[in-house]
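Student: Take this sequence and fold it.
(chains A and B)
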Amino acid sequence: MELARVVGTVVSTKKNERLNGYKFLLVETTEPDGKPKGKFFVAVDLVDAGVGDLVLLVRGSSARTAEGLTDKPVDGSIVGVVDAVTMGGRIVYSKGKND
Amino acid sequence: MKLGRVLGTVIATRKDKAIEGVKLYLLQPLNSRGNPEGDILVAVDGVGAREGDLVFYVRSREATLAIKGRVIPAHAGIVGIVDNVRFEEEN
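Tutor: Alright, predicted model coming up:
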């Protein structure tokens, strides 16, 4: 998994029918402290994340192991909203603080 | 599999049901010399590793099998804690 920031929403009306009903977000990968790394992906949101949230992004075929996605054509899913990240016992990210 | 160092923890209360109760660690990939190489990952822990441990981990689809008895959405998973590594250099 990677840490990523939700930076936008992606709306698509005409899409693969297996993707109907899913919410898509634009995410940018980040360092552990939330600093942007400049790589963007479109990911299916499974945890009702919002713009600005730091999230757990799963990419590749592993993304399809999430609930209900086994037969869906996706290679990126958001599986968690990050509350905090610690390194060496120090909090380097805390939701609502570094944002 | 690759070697990595457990650097820290990631806490996420709201997460996909499939990864409920799974421990998440920040992991720094290492090269054969034990030096940091590559981007820091978030890995699931299937072996009870702790911060500071040298571990080996699987990436991509195999990481979905890192937790016993489950198939989880992860693309890095710790599957062993390293006791020691001997690096044999050719002359």
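
Student: any idea where the strands of chain B begin and end?
Tutor: B:2-11, B:14-15, B:24-29, B:41-45, B:54-59, B:76-81 (DSSP state E).

Student: right, I mislabeled it, should have said chain A
Tutor: A:2-10, A:23-30, A:36-45, A:54-59, A:76-81, A:84-87, A:90-94.

Student: Please produce CSV containing those, extended by mean pLDDT, distance to B:Thr64 and mean neighbour count.
Tutor: C-beta here means a position set from N, CA and C on the backbone, and glycine is covered the same way. Converted to CSV, those look like this (pLDDT from 0 to 100; distance: least, CB to CB, whole Å; neighbours: other CB atoms under 10 Å in any protein chain shown):
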stretch, mean pLDDT, distance to B:Thr64, mean neighbour count
strand A:2-10, 94, 15, 19
strand A:23-30, 94, 20, 19
strand A:36-45, 93, 16, 16
strand A:54-59, 95, 9, 26
strand A:76-81, 94, 12, 26
strand A:84-87, 95, 23, 20
strand A:90-94, 94, 26, 16
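
Student: and B:Gly21, which of the ones you listed is closest to it?
Tutor: strand A:76-81 (12.2 Å; CB to CB).

Student: now for that closest one, which elements pack on it?
Tutor: Packing partners of strand A:76-81 (3 or more CB pairs under 8 Å, 6 or more residues apart in numbering or on different chains; DSSP states H and E): strand A:23-30, strand A:36-45, strand A:54-59, strand B:14-15.

Student: Any idea how far apart the tips of stretch B:18-31 sit?
Tutor: 31 Å (CA to CA, to the nearest Å).

Student: quick one on the thing from earlier: could the helices and strands packed on strand A:76-81 go into TSV alongside distance to A:Lys14?
Tutor: Output for those, formatted as TSV (distance: least, CB to CB, whole Å):
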stretch	distance to A:Lys14
strand A:23-30	13
strand A:36-45	15
strand A:54-59	24
strand B:14-15	31
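
Student: Show me the one of these that comes nearest A:Leu69.
Tutor: strand A:36-45 (6.9 Å).

Student: For the closest one, C-alpha coordinates in CSV please.
Tutor: Provided in CSV are the C-alpha atoms of strand A:36-45 (Å, rounded to 0.1, in the frame of the first residue of the first chain):
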residue,chain,number,x,y,z
PRO,A,36,3.1,15.3,-2.1
LYS,A,37,5.2,13.2,-4.4
GLY,A,38,3.6,14.2,-7.7
LYS,A,39,2.3,10.8,-8.9
PHE,A,40,-1.5,10.8,-9.6
PHE,A,41,-3.9,7.9,-9.9
VAL,A,42,-7.6,7.4,-10.3
ALA,A,43,-8.8,5.0,-7.5
VAL,A,44,-12.1,3.5,-6.5
ASP,A,45,-13.1,4.7,-3.1
